[in-house]
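Peer 1: Provided below are the primary sequence and the corresponding predicted coordinates.
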Amino acid sequence: MVFLHATSLADAVAALSAHPGAVPIAGGTDVMVEVNFDRRRPAALLDLTRVPELSRWWVEDGRVRLGAGIPYARVIAELGDRLPGLAMAARTVGSPQIRNRGTVGGNLGAASPAGDSHPPLLAAGAEVELVSNRGRRRVPVCEFYTGVKRNVLAPDELIEAVWVDSVAGPQQFSKIGTRNAMVISVAAFALALHPERQQVGTGIGSAAPTPRRAREAEELLAGELDAAGLWESRGPLPATLAEEFGSRVCAAAAPIDDVRGSAAYRVHSLRVMARRTLTWAWNDYRKAA
Amino acid sequence: MRVTTTVNGETRHADDVSESESLLYLLRERLGLPGSKNACEQGECGSCTVYLDGVPACSCLVAAGQAEGSDVVTVEGLAPGRDLDPVQEAFVECGAVQCGFCTPGFVVSAHDLLARCPNPGDDEIREALAGNLCRCTGYEKILDAVRCAAGRMPSERSTV
Ligand SMILES: Cc1cc2nc3c(=O)[nH]c(=O)nc-3n(C[C@H](O)[C@H](O)[C@H](O)COP(=O)(O)OP(=O)(O)OC[C@H]3O[C@@H](n4cnc5c(N)ncnc54)[C@H](O)[C@@H]3O)c2cc1C
Ligand code: FES
Ligand code: FES
């Protein structure tokens, strides 16, 4: 095995194309578990923690450009106002030690259906920026996941950043687990209201082979809010609408039974989380008037 | 490969380090610092917690090569020589130690909490220790120790 140190993005990209099969390592909270248990013996490890481009964020044209190497602890401390949904999800990740090291880019790289970054990134309509020797491309996050722990990343590509609209409306995140810390979600749900374009964003975690949106639920809710003039009036949310939204979210899920929970429980919890997050977000929207 | 780090204030070199080994292995097996414990190697138990560039991390999840040029403080480095840090004293006095395997990790996590937040409430203590598991004490004595240490922290603490 070789250990590759990169101190700039150009270095990292060059090292990756010179060493096919090299595994990038950021916080190591997924990679090192596999290495320690001999589940993975990569030909090379490429350390990304010293690449400055990956550990910076800035705002450009109303969008936050979040470097892939930013750990959860910094998302919580620095971006709670601009990326509230992602920050809420970040607060639920692992433990302080895991949040100090684990990164959003690593979560995307691992592409576990249970990764907590995915639902809020889906709900916010984020884009993932990939870079290689061949150039850069941006992929909408809803097209990024291709299967269980699979994504569109080519072997010579790195995740450079995610681009997320700086918040314009309320965002919420909810996660079911056995306790309040150190849990992989049994099911998770994120919601974003986009009043400026009268749209709704959703993200489902741990209830399908990949993280995914509940598109019909988004369309139903945005349409009904529009039809009833509720985006403008900010009137109370009809209970039937919240219920129907919950049902459509369930319909978008394709969960399995596993050690963490049954498919039926996951569907039930999604219904409850969808209704709750909508109620919280709508109350936030009304209060913000 | 050769890895050079600053550990507990001293520059340390280690040779023949394997590319796949962890910072925990480097500390324990190559640098003679067995304070940090190996109980799971998967980030679940926190017994390997050290400060890495000032921030608590599970050293079992840091590749040794990633620590090149870093500043590491282990439980051995919290107080000079044979002295004890107030957190360590409090663990001894409150009976927060039984088999002791989890203790180094709890001590580093508690030390970090009190450096950031000198008078934590119980919720803050629980949150800060959420990544550390103890199979022996039932946690009550550990919470007592952290509360006790909070009452005694010197007002001007040296930062690690
Ligand atoms: C105890 C414990 C608790 C956990 N709890 C949670 C939890 O509650 N929620 C959750 O979602 N996850 C959890 N995880 C999983 C893990 O912490 C997250 O997935 C984290 O986001 C991974 O980030 P990392 O930087 O540590 O990734 P790494 O382990 O460094 O990398 C993960 C994968 O991404 C690739 N990668 C990393 N960065 C890049 C990049 N810039 N470009 C291309 N590929 C890249 C790596 O090659 C690897 O395949 C937990 C893990 C542990 C050990
Ligand atoms: S040994 Fe590192 S967390 Fe358990
Ligand atoms: S004292 Fe034995 S594990 Fe905590």
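Peer 2: Received the coordinates, thanks. Ligands and ions are numbered 1, 2, ... in the order given.
Peer 1: can you name the residues of chain B that neighbour ligand 2?
Peer 2: For chain B, the residues in contact with ligand 2 (Cβ under 6 Å from any ligand atom) are B:Asn38, B:Ala39, B:Cys40, B:Glu41, B:Gly43, B:Glu44, B:Cys45, B:Gly46, B:Ser47, B:Cys48, B:Cys58, B:Cys60. Just so you know, the C-beta spots here come from the backbone N, C-alpha and C atoms, and that holds for glycine as well.
Peer 1: whichever residue of chain B sits closest to chain A: how many residues sit nearby?
Peer 2: Proximity of chain B to chain A (Cβ to the nearest Cβ) peaks at B:Gly131, 2.4 Å away. Applying other Cβ atoms under 10 Å in any protein chain shown, we find 26 residues neighbouring B:Gly131.
Peer 1: so it touches A:Gly102, yeah?
Peer 2: No. Here B:Gly131 lies out of contact with A:Gly102, judged by Cβ atoms under 8 Å, at a distance of 11.4 Å.
Peer 1: what touches both of the two?
Peer 2: A:Gly94 (Cβ atoms under 8 Å, 6 or more residues apart in numbering or on different chains).
Peer 1: could you measure the residue of chain B found nearest ligand 1 against B:Thr137, distance?
Peer 2: Closest approach between chain B and ligand 1, counting by Cβ to the nearest ligand atom: B:Gly43, at 3.0 Å. For B:Gly43, the distance to B:Thr137 equals 21 Å [Cβ to Cβ, to the nearest Å].
Peer 1: torsion angles phi and psi at the residue of chain B closest to chain A?
Peer 2: With angles defined as degrees, to the nearest 10, B:Gly131 sits at phi -100, psi 10.
Peer 1: pLDDT and distance to B:Phe101 added to the residues of chain B next to ligand 2, as CSV?
Peer 2: CSV is the format used below for those (pLDDT from 0 to 100; distance: Cβ to Cβ, whole Å):
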residue, pLDDT, distance to B:Phe101
B:Asn38, 97, 10
B:Ala39, 96, 6
B:Cys40, 97, 11
B:Glu41, 97, 14
B:Gly43, 98, 16
B:Glu44, 97, 14
B:Cys45, 97, 9
B:Gly46, 98, 11
B:Ser47, 98, 6
B:Cys48, 98, 11
B:Cys58, 98, 15
B:Cys60, 98, 14
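Peer 1: what's the closest non-adjacent residue to the residue of chain B closest to chain A?
Peer 2: Closest residue in space to B:Gly131, ignoring its immediate chain neighbours: A:Ser95 at 2.4 Å, by Cβ to Cβ, 6 or more residues apart in numbering or on different chains.
Peer 1: cool, A:Arg276 as well?
Peer 2: A:Arg276 sits nearest to A:Ser174 (Cβ to Cβ, 6+ apart), 6.2 Å away.
Peer 1: now the strands for chain B?
Peer 2: Under the criterion DSSP state E, chain B contains strands at B:3-7, B:10-14, B:49-52, B:55-58, B:71-73.
Peer 1: what residues are up against the residue nearest in space to the middle of chain B?
Peer 2: When Cα atoms, centre = their mean is applied to chain B, the residue found nearest the centroid is B:Val108 (3.2 Å). Listed by Cβ under 8 Å, 6+ apart, the contact partners of B:Val108 are B:Thr49, B:Val50, B:Tyr51, B:Pro56, B:Val73, B:Thr74, B:Val75, B:Leu78.
Peer 1: go again using 7 Å as the cut-off
Peer 2: B:Thr49, B:Val50, B:Tyr51, B:Pro56, B:Val75 (Cβ atoms under 7 Å, 6 or more residues apart in numbering or on different chains).
Peer 1: what of B:Gly43?
Peer 2: B:Gly43 is in contact with A:Thr29, A:Val33, A:Ile98, B:Cys58, B:Cys60, B:Leu61, counting by Cβ under 7 Å, 6+ apart.
Peer 1: buried subset of those as a PyMOL selection?
Peer 2: Typed into PyMOL, the line below selects the buried ones among the contacts of B:Gly43, using 16 or more other Cβ atoms under 10 Å in any protein chain shown:
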select buried, (chain A and resi 29+33+98) or (chain B and resi 58+60+61)
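Peer 1: hmm, B:Gly46 and the residue of chain B closest to chain A touching each other?
Peer 2: Yes. Using Cβ atoms under 7 Å, B:Gly131 makes contact with B:Gly46 at a distance of 4.5 Å.
Peer 1: show me where the chain has its helices.
Peer 2: Because you didn't say which chain, this covers chain A. Using DSSP state H, the helices of chain A run over residues A:9-18, A:31-36, A:72-79, A:84-91, A:96-101, A:104-110, A:118-124, A:215-227, A:230-233, A:239-252, A:263-287.
Peer 1: can you look at chain B instead?
Peer 2: Ranges of helices in chain B, per DSSP H, are B:23-25, B:86-93, B:103-116, B:122-128, B:140-152.
Peer 1: CSV for the ones you listed, including distance to A:Arg137 and mean pLDDT?
Peer 2: CSV is the format used below for these (distance: least, Cβ to Cβ, whole Å; pLDDT from 0 to 100):
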stretch, distance to A:Arg137, mean pLDDT
helix B:23-25, 35, 98
helix B:86-93, 49, 97
helix B:103-116, 40, 98
helix B:122-128, 39, 96
helix B:140-152, 49, 96
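Peer 1: pick the most buried one from those.
Peer 2: Of all these, helix B:23-25 carries the top mean neighbour count, a mean of 26, counting by mean count of other Cβ atoms under 10 Å in any protein chain shown.
Peer 1: list the contacts of it.
Peer 2: Helix B:23-25 is contacted by residues B:Ser36, B:Asn38, B:Cys48, B:Ser59, B:Cys60, B:Val62, B:Ala64, B:Ala67 when judged by Cβ under 7 Å, 6+ apart.
Peer 1: returning to that earlier point: how much space between the residue of chain B closest to chain A and A:Arg91?
Peer 2: Relative to A:Arg91, and taking Cβ to Cβ, B:Gly131 is found at 14 Å.
Peer 1: excluding chain neighbours, give the residue nearest to B:Tyr139 in space.
Peer 2: Spatially, and ignoring its direct neighbours in sequence, B:Tyr139 is nearest to B:Leu129 (8.0 Å; Cβ to Cβ, 6+ apart).
Peer 1: show the contacting residues for whatever residue of the stretch 151-289 of chain A ends up closest to chain B.
Peer 2: Nearest residue of the stretch 151-289 of chain A to chain B, counting by Cβ to the nearest Cβ: A:Ala181, 3.5 Å away. A:Ala181 sits next to A:Ser95, B:Ala130 when contact means Cβ under 7 Å, 6+ apart.
Peer 1: can you rerun that using 8 Å?
Peer 2: Counted by Cβ under 8 Å, 6+ apart, A:Ala181 has contacts A:Gly94, A:Ser95, B:Glu127, B:Ala130, B:Gly131.
Peer 1: my read: the third one touches A:Pro96, true?
Peer 2: Right, B:Glu127. Yes. Counting by Cβ under 8 Å, B:Glu127 touches A:Pro96, with 7.5 Å between them.
Peer 1: what's the domain layout of chain B?
Peer 2: Using automatic domain parsing, the domain parsing of chain B gives B:3-77, B:86-150.
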